[in-house]
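K.L.:
how would this look folded up:
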Amino acid sequence: MMVGMKRRYVVLGAAVGTLYAFGTGGASAETVSPPVVTPHTRAQLVALGRLDDGRVSLGLRMAVKPGWHTYWRNPGDSGEPPTLKLSTPDGAGIALVGWPAPERIDIGGIVSYGHHDEVMFVANAALPAGATRVQAEATWLVCEKVCVPEAGKFTLDLAAGGPPSAATLALKPVPSPSVEATLTRAGDRLRLTIDVARLGGAPIAAYFFPYPSDVVDHSAKQAFHVEGGSLALDLAPFDARGRTPSELPGLLEIEIAADGGRKTRRFDVLARKAGPS
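P.N.:
Numbering: from 1, shown residues only. So this is what the prediction gives:
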C-alpha cells in the first residue's frame, strides 16, 4: 500500500459473469488443479517443477475477462497485487517471486500497473517431506471501471500429472538481465543514470516500473535522454520533499531501433544513491 495515499478504486461485490477459458496449445496431462471460476476470472494452480533445494515451483495461472485487468507486484496508483498462501494451520504465505512484465494502464490520469487477458504469477513452496498434495488460497483484484475482489481455493495433486504444457510455459515469467544504475537528484526529480552499453543500444523509448509503491509518482510523466553514452531517466518522486532513497529497484523497459523496426528489452535495475540527498 502506498504511504500517505489511499488507493483509488470502486469495489463491487460478486456479480453474474461468463466463463473464460485458458488458451489451448498444450497437452492436458500437466499437473494442474481444478479451475476456480469467478465472474471475471478463471484461475488454476499448476506445478512447474521442483527446485534443487526441494521446493515446488507453482504457477498461479489466470485468464481475466476481456476488458478487465488484474495487478502487478506494484499496482501503481490503484489496486492490490495478488496473494497466495498455503492452506495450513499457520496459513503460511508464499512469496510470489515471478512476475510478468506489466502494462501501464492509464484510466483518467490514474496510472496502474497490471495485466490483461492471460497471466501467470510464480511462487516457490516448501512442503513437508513426502507431501504430494498442495492446498492453497489466493486473492486478487480485477478492475474495469469498477474493481471486484476475488479469491479461490486450490488443490493440486503433485502425483497425478505430468510436466507443464507448452501453453503454460509460454506464460511463465522470464527473468530479466540485471543492470546497475546511479540514483541522484536533478532539481525536483529523481534521476536514474545507466550505461547505454549495458542496454545493448541507445533507447528510443524508456519507462521505469518501480518495485516499491511509495517512491515514484506513477501518474507523472517520465522523461529520458541519452548523452555521453548514458541513459538518464527522470522520475517525479512520490514525496517531493522527501530524501533520496539509498536504493531504488525496478523494471526498466526500453525500445531500441532494430532491423528497420523497434525491439523491446527489459532489465532488472538496482539504482543506488550517489552523492548527497
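K.L.:
Stretch 156-168: which residues count as buried?
P.N.:
If you call a residue buried by 16 or more other CB atoms under 10 Å, then stretch 156-168 has these buried ones: 156, 161, 164-165, 167-168. For every residue, glycine as well, the C-beta is placed using N, CA and C.
K.L.:
do the same with stretch 229-243
P.N.:
230-238.
K.L.:
Can you give me the first-to-last residue distance of it?
P.N.:
28 Å (CA to CA, to the nearest Å).
K.L.:
Use 21 as the first number from now on
P.N.:
Done: numbering now begins at 21, and the last item shifts to stretch 249-263.
K.L.:
what's next to it, contact-wise?
P.N.:
22-25, 206, 208-217, 219, 222-223, 226, 228, 230, 234-237, 240-246, 272, 274, 297 (CB atoms under 8 Å, 6 or more residues apart in numbering).
K.L.:
and with 7 Å instead?
P.N.:
Outside stretch 249-263, the residues that touch it by CB atoms under 7 Å, 6 or more residues apart in numbering are 206, 208-217, 219, 223, 226, 228, 234-237, 240, 242-245, 297.
K.L.:
Show me how the chain divides into domains.
P.N.:
56-191, 198-293 (automatic domain parsing).
K.L.:
Pipe those domains into CSV and attach distance to residue 49 and mean pLDDT per row.
P.N.:
Below are those laid out as CSV (distance: least, CB to CB, whole Å; pLDDT from 0 to 100):
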stretch, distance to residue 49, mean pLDDT
domain 56-191, 4, 93
domain 198-293, 32, 93
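K.L.:
Of all those domains, which one is nearest residue 50?
P.N.:
domain 56-191 (4.7 Å; CB to CB).
K.L.:
What ranges does the stretch 71-220 of the chain have for its helices?
P.N.:
Using DSSP state H, counting those that start in this stretch, the helices of the stretch 71-220 of the chain run over residues 186-191.
K.L.:
residue ranges for the strands of it, please.
P.N.:
76-84, 89-96, 103-106, 116-118, 123-127, 130-136, 138-145, 153-163, 167-177, 198-206, 209-215 (DSSP state E, counting those that start in this stretch).
K.L.:
Quick one: closest of those strands to residue 293.
P.N.:
strand 198-206 (4.8 Å).
K.L.:
Buried by neighbour count: which residues of the closest one qualify?
P.N.:
201-205.
K.L.:
what's the answer for stretch 167-175, then?
P.N.:
Buried residues in stretch 167-175 (16+ other CB under 10 Å): 167-168, 170, 172, 174.
K.L.:
just stretch 73-85 next, same as before
P.N.:
For stretch 73-85, burial by neighbour count (16+ other CB under 10 Å) applies to 76-85.
K.L.:
Also stretch 225-236?
P.N.:
Buried, per 16+ other CB under 10 Å, within stretch 225-236: 226, 228-236.
K.L.:
From these, pick the one nearest residue 68.
P.N.:
Among those, and counting by CB to CB, the member closest to residue 68 is residue 231, at 22.5 Å.
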